[in-house]
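S.K.: when you get a sec, could you give me coordinates for this:
(2 chains)
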Protein chains: 2
Amino acid sequence: MISIILVEPQMGENIGAAARAMKNFGISDLRIINPRDGWPNPQAIAMSVGAVDIINSAVIYDNLRDAIADLHKIYATSCQTRDMNKSVLNSSELQQHILDLFGNSTTSTKIGFVFGRESSGLGNEEIMLADEIVSIPTTKFSSLNLGQAICIICYELFKNSTNTISTAQSNKIDDLATKQDKEYFYQHLFDALQSKDFFKTETKSKIMQMKIRNIFERINNLTSTELRTLRGIIANLIK
Amino acid sequence: MISIILVEPQMGENIGAAARAMKNFGISDLRIINPRDGWPNPQAIAMSVGAVDIINSAVIYDNLRDAIADLHKIYATSCQTRDMNKSVLNSSELQQHILDLFGNSTTSTKIGFVFGRESSGLGNEEIMLADEIVSIPTTKFSSLNLGQAICIICYELFKNSTNTISTAQSNKIDDLATKQDKEYFYQHLFDALQSKDFFKTETKSKIMQMKIRNIFERINNLTSTELRTLRGIIANLIK
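M.R.: Coordinates of the predicted model:
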């Protein structure tokens, strides 16, 4: 249960970009405190593209305290180190940190991330309302675009949530070449090279054959169809 | 040594947002293929804010092949599963993956990340030029804003850079073939095949050439010495 809370955002475009990123990463609750250009905001709608539902259900508040009243834990985002005696969390540790704190009870725990104005970020009084500070590591050029900062936090919260099975998108490989197929290919290739005197001496021949095998063995997931193509190439070239 | 490569970006705002994110995360080499609205682009400059130096030093190309000629390893970003038999990497594994591959030799290895058009991403022929695909995990609402996608990749590459001391095996790979080297190899191979009537028709020729490229592009960390071996094989077989 994650909420994104924008304090006095200035550009509608950034609100729209925030909504789109939220939807990319499975977060839907958007709360906005005093948007500079009023509400609804046509630029926000335009930039949200397929996430206009999040814009339409966003709730407007006139102060941060009310906006976070029903939440359990608040993180303020800031790139600045302030003398506030609050712990500062690196964004890359965020997901693990929340898991450590709440474990699987995250479903009933309501967590909010507060983002400040494009021009000046969050003020000290606003940061004070938060439990912790989250900071996104950057170079010395630390001024992040608001929409991008929100995007990174949403991404960090989402990215391993499904245990990100990277094989989820693994390609169809039901046609993998067998070791035997490859062996036939090497024999074919080496015989062809032999017939053209490619291997000068017996010893050099062994070393060269190992080198050649070492090249072709590094082709990931070579299929038997592809192997036939390679054999076709050899048959053709020696014609 | 990281390059960000944009293929036919449509919105200047996204190019500017890309430059800003690159600077936030310490990447400076921007290459652009046929920006829709020409170059220089006032919107790109406006959105880049403090990163106008990256916009000013961006290099414009008229095709992807030229844009990546001097790079060693190319990652295409895509959210789509395609039957290309290329491995798909989750963005959250990116930094570790690059450390594992290149260890501390990353300083001499030139790596490029290719991003497609806002409307339609990268085409198959463009993805084919890449060694691997990187995918950012999302919900079913998978269409990321271009500037935000670039931001996430740059962030992932940067975020632990100061504390992930590579204990990874520093594979000695100071001899990696460049894209240009590979291009010469393909020309050599295709010319040889052409001279032997391997390609029956013009259409079949294009498809077959794509298939052949797709096989050889999957050889991990092909060195220029190995590439010379492959070219030696071709020269020998057509004798």
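S.K.: switch to C-alpha atoms for all contacts and neighbour counts from now on
M.R.: Noted.
S.K.: quick one: end-to-end distance for stretch A:99-117.
M.R.: By CA to CA, to the nearest Å, the extent of stretch A:99-117 from end to end equals 29 Å.
S.K.: what comes up buried for that stretch?
M.R.: Buried positions in stretch A:99-117, judged by neighbour count with 16 or more other CA atoms under 10 Å in any protein chain shown: A:110, A:111, A:112, A:113, A:114, A:115, A:116, A:117.
S.K.: residues in contact with the first one?
M.R.: What that stands for is residue A:110. For residue A:110, the contact set (CA atoms under 8 Å, 6 or more residues apart in numbering or on different chains) comprises A:1, A:2, A:3, A:70, A:71, A:72, A:73.
S.K.: look up how far chain B lies from the last one.
M.R.: Distance, residue A:73 to chain B, by CA to the nearest CA, to the nearest Å: 24 Å.
S.K.: quick one: contacts for that residue?
M.R.: By CA under 8 Å, 6+ apart, the contact set of residue A:73 is A:109, A:110, A:111, A:112, A:130, A:131.
S.K.: pick out the most distant pair among those residues.
M.R.: A:109 and A:130 (15.3 Å; CA to CA).
S.K.: so how many other residues sit close to the closest residue to chain B within chain A?
M.R.: Among all residues of chain A, residue A:219 sits closest to chain B, at 4.3 Å; criterion: CA to the nearest CA. Counted with other CA atoms under 10 Å in any protein chain shown, residues neighbouring residue A:219 total 17.
S.K.: thinking it is in contact with residue B:218, fair?
M.R.: Yes - if you go by CA atoms under 8 Å, residue A:219 and residue B:218 touch, sitting 5.0 Å apart.
S.K.: still on that earlier bit, which of the contacts of residue A:73 fall in strands?
M.R.: When DSSP state E defines the strands, the subset of the contacts of residue A:73 inside them is A:111, A:112.
S.K.: want to throw the contacts of residue A:73 into TSV with pLDDT?
M.R.: Output for the contacts of residue A:73, formatted as TSV (pLDDT from 0 to 100):
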residue	pLDDT
A:109	80
A:110	86
A:111	92
A:112	94
A:130	88
A:131	85
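S.K.: out of the contacts of residue A:73, who's nearest residue B:27?
M.R.: Using CA to CA, residue A:112 comes nearest to residue B:27 of the contacts of residue A:73, at 30.9 Å.
S.K.: you'd agree that closest one is up against residue A:4?
M.R.: Yes - between residue A:112 and residue A:4 a contact is recorded at 5.9 Å, counting by CA under 8 Å.
S.K.: please enumerate the helices of chain A.
M.R.: When assigned using DSSP state H, the helices of chain A occupy the ranges A:12-24, A:42-48, A:52-56, A:64-67, A:94-102, A:124-128, A:146-158, A:179-195, A:202-216, A:224-237.
S.K.: centroid-wise, who is the farthest residue in chain A?
M.R.: Distance from the C-alpha centroid of chain A peaks at residue A:201, with 52.9 Å (CA atoms, centre = their mean).
S.K.: ok, residue A:144 touching residue B:22?
M.R.: No - applying CA under 8 Å as the test, residue A:144 and residue B:22 come out as separate, 10.4 Å apart.
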